[in-house]
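here's a sequence, model it:
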Amino acid sequence: MLTHIHIRNFAIIDALEVELHQGMTALTGETGAGKSILLDAIGLVLGDKADSSSVRHGADKAEITLSVDITQTPSARVWLEAQDMEGADDTCILRRVISAQGKSRAWINGSPANLTQLRELGEQLVDIHGQHEHQSLMKKDAQRQMLDAFADNDVLLDTTRRAWQSWKKLHERVTQLTSQNQQHQERIDLLRFQSQELETLAMHAGEPDQLDEELNRLANEEQLRATAAQGYAQLYDDEPSLYSALGRLIHDLTQQARVDAQLEAPLELLTSAQIQVQEAAAQLRDYADGLELDPARLQWVENRIADIRSLARKYRTNPQDLPTRLASIQQELDQLGGGDYDLDALEQQLQDAADTYRHHAQTLSEARQHAAAQLSAGVTQAMQQLGMQGGKFAIQVTLDNGNHFQATGMDSIDFTVSANPGQPLKPLMKVASGGELSRISLAIQMIAAQKVTLPALIFDEVDTGIGGGIAEVVGKQLRALGINRQVLCVTHLPQVASQAHQHYKVTKIKGAAHTSTGIVHLTQAQRVEEVARMIGGVEITPATRALAEEMLG
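Alright, predicted model coming up:
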């Protein structure tokens, strides 16, 4: 259950701390005091989206910290262990910080967390029913989600979704191959021709650069040989040559070095240079001797370069990229099945996948029909308690036996209602009276909440549109829900607030510079005054105070 919440600089809240307890807790206060803001803060720390408007005007950031006792929530402990986010004890601490620029950061037990992780954990801790729930219940998708939540269909839904994904992938493949027909075959033929053409070329990576280098050498072979021969002659073979000139200089310096030892250093360098000149001359001689004019090789290289460049122009690419183009063509051929893909075998796989999907969708439909009967009976009974005697609620689950496959199954789900005896069942969206719609929505939420195993339930002004004895019934049902779990309820009805185990009053504090929100845990005497205020009247009279005391027991 939720045990403590700390809020700073959120909306009109300056700083606020609340200790929360087991049982039913009522949150009341005048309009605009910020009752729902407290629940909005809880929603944010559980993964709701936020923006810079969440930050109190003039502050640099908003901060929300929520402490949760997970002693009785083993699924949350398992999730935290899997995420390596377990705390030191059975308390889980969630923290969210939103900057004035709209940036958000979050932590779970001190470890950085993203919004997905906050939502996943929050779904195991709290079930929130909003004041506009009756509006979302008008939508078929919301009706399906509520029925599946009531039926605890998570596993069946996941199995059906995975079967649908397998079928859909095969269906798209069969459709693609079937529709391609002649154009598909023409494309395959073209790719095969291109692949064969490039394979015949048999160009290896880096070959264009190697050929350009060889062509340049072959085209200048005569000049290269002449230059190498001339170099050999100048270095070694001519008279005088550089080698012989160095020899004479070395001989003279050797004689003089006996007179002055300072000549030994340059003598050593010149001796080394003579050796290098001799080696360079030998290499030039060998290079010149090894060069042979080869017109046939020159012609072959020129033709090879022309072939490569011609195909490069044809495929509108650089010569160096032709191997990559061949790999791309072969990859596309593989994706197209090479034109030999067994469509009959693929269609059989598709039929098998469809049969598997129908089986899982049928199982899911049966679970929904069973849960629909339970939820319908419970809501019908709750409607009687909410002043709709003779009213009836029924969920119609219709299985489509055709081929209209969806990830959520093949069912058409409709919430229908008859508000008065003798009237036929009509879709919920066609209920004309706003008051009736509010009561029906409340009945659905109350019964659905009984099935929820989460440790905390939050109701945000779900009692809008009711009053009198019906409001008292709602209050008692919320109190009953709070016997074995935590129930937080924002309400404007004294009949509901008087049933709470704990009562907090949210107040608007007007200062000289700004307005902020405060919260007070009411004593019994303070509860009498608050319930009397909620009963109404310009002033609290002894009669309203006495009535408040009676309601509080």
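
show me what the strand or helix carrying residue 348 is packed up against.
Using DSSP states H and E, residue 348 falls within helix 343-385. Packing contacts for helix 343-385, counted by 3 or more Cβ pairs under 8 Å, 6 or more residues apart in numbering; DSSP states H and E, involve helix 140-151, helix 154-201, strand 392-399, strand 411-418, helix 434-451, helix 468-481. Yep, even glycine has a C-beta here, placed from its N, CA and C like the rest.

buried stuff in the fifth one?
Neighbour counts over helix 434-451 (16 or more other Cβ atoms under 10 Å) mark 435-449 as buried.

ok now do the residue nearest to residue 52 when sequence neighbours are not counted, which residues does it touch?
Here the nearest residue to residue 52 in space, its sequence neighbours aside, is residue 102; by Cβ to Cβ, 6 or more residues apart in numbering that works out to 4.0 Å. When contacts are counted by Cβ atoms under 8 Å, 6 or more residues apart in numbering, residue 102 touches 50-52.

tell me the most packed of these, by neighbour count.
residue 50 (23 neighbours; other Cβ atoms under 10 Å).

against residue 93, how distant is that residue?
19 Å (Cβ to Cβ, to the nearest Å).

and for residue 125?
Taking Cβ to Cβ, one finds residue 125 at 12 Å from residue 93.

neighbour count for the two, which is higher?
residue 125 (22 against 17).

circling back: need the contacts of residue 102 in CSV (columns: pLDDT).
Output for the contacts of residue 102, formatted as CSV (pLDDT from 0 to 100):
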residue, pLDDT
50, 86
51, 83
52, 85
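
flag the shaky bits of the protein, pLDDT-wise.
Where the chain drops to pLDDT under 70, the residues are 33, 131-136, 180-182, 337-342, 432-435, 438, 452, 512, 537.

from the centroid of it, which residue is nearest?
Residue closest to the mean C-alpha point of the chain, counted by Cα atoms, centre = their mean, is residue 116 at 7.0 Å.

buried sites along the helix or strand in which that one is found?
Assigned by DSSP H and E, residue 116 belongs to helix 115-122. Neighbour-count burial for helix 115-122 flags 115, 117-118, 120-122 (criterion: 16+ other Cβ under 10 Å).

cool, and stretch 148-166?
Quick answer for stretch 148-166 (16+ other Cβ under 10 Å): 148, 150-151, 153, 156-157, 159-161, 163-164, 166.

pull the number of nearby residues for residue 84.
8.

start the count at 7 instead of 1 going forward.
Fine by me, first position is 7 from now on; the one you just mentioned is residue 90.

so when I look at it, I'm seeing a helix, right?
No. Assignment of residue 90 by DSSP: H, G, I helix; E, B strand; the rest coil gives coil, placing it outside any helix.

contact partners for it?
Counting by Cβ under 8 Å, 6+ apart, residue 90 touches residue 117.

and it, how far from residue 209?
According to Cβ to Cβ, residue 90 stands 53 Å off from residue 209.

which element, helix or strand, includes residue 509?
strand 508-516.

chain center to that strand: distance?
Computed by Cα atoms, centre = their mean, to the nearest Å, the chain-centroid distance of strand 508-516 equals 38 Å.

got the buried residues for it?
508-512.

just these now: which is nearest residue 280?
residue 512 (102.2 Å; Cβ to Cβ).

circling back to that earlier point, so what angle separates the directions of the helix holding residue 354 and helix 474-487?
Counting by axes from the mean of the first three to the mean of the last three Cα atoms, to 10 degrees, helix 349-391 lies at 120 degrees to helix 474-487.

tell me the angle of helix 349-391 relative to helix 146-157?
80 degrees.

and helix 349-391, how far out from the chain middle?
For helix 349-391, the distance to the chain centre is 28 Å (Cα atoms, centre = their mean).

got the contact list for residue 394?
Contacts of residue 394 (Cβ under 8 Å, 6+ apart): 425-426, 442, 445-446.

please tell me how far it sits from residue 447.
Separation of residue 394 from residue 447 (Cβ to Cβ): 12 Å.

could you find which two of the buried residues of stretch 154-172 are furthest from each other?
Farthest-apart pair in the buried residues of stretch 154-172 is 156 and 172; separation 27.8 Å (Cβ to Cβ).

still on that earlier bit, ok, the buried residues of strand 508-516 vs residue 297, which is closest?
residue 512 (98.5 Å).

where's residue 24, which helix or strand?
Residue 24 belongs to strand 19-25, assigned by DSSP H and E.

which strands or helices does the helix or strand following that strand pack on?
Downstream of strand 19-25, the next assigned helix or strand under DSSP H and E is strand 29-34. Counting contacts by 3+ Cβ pairs under 8 Å, 6+ apart, strand 29-34 is packed against helix 41-51, helix 474-487, strand 492-496, helix 500-503, strand 508-516.

need the overlap of contacts for residue 131 and residue 99.
With Cβ under 8 Å, 6+ apart as the test, residue 131 and residue 99 both reach residue 74.

hmm, back to that, rebuild the buried residues of stretch 154-172 as TSV, extending it with distance to residue 190.
TSV is the format used below for the buried residues of stretch 154-172 (distance: Cβ to Cβ, whole Å):
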residue	distance to residue 190
154	41
156	48
157	45
159	41
162	39
163	37
165	35
166	33
167	31
169	29
170	27
172	24
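
quick check: residue 56 vs residue 318, distance?
To residue 318, residue 56 is 55 Å away according to Cβ to Cβ.

show me what counts as buried in stretch 203-216.
Residues 204, 207, 209, 213-214 are the ones in stretch 203-216 that count as buried (16+ other Cβ under 10 Å).

please apply the same query to stretch 421-428.
If you call a residue buried by 16+ other Cβ under 10 Å, then stretch 421-428 has these buried ones: 421-425.

one step back: each with direction, which strands does the strand holding residue 24 pair with?
Taking DSSP bridges as the criterion, strand 19-25 sits next to strand 8-16 (antiparallel) in its sheet.

what's in contact with the strand it pairs with?
Outside strand 8-16, the residues that reach it (Cβ under 8 Å, 6+ apart) are 19-26, 43-44, 47-48, 50-51, 60-62, 65, 67-75, 97, 131-132, 462, 492, 494.

and those, which are buried?
Using 16+ other Cβ under 10 Å as the burial test, the contacts of strand 8-16 include 19-20, 22, 24, 26, 43-44, 47-48, 50-51, 60-62, 67-75, 131-132, 462, 492, 494 as buried.

right, and residue 487 touches residue 464 too?
No. Counting by Cβ atoms under 8 Å, residue 487 sits too far from residue 464 to count as a contact (11.3 Å).

no more questions from me, cheers.
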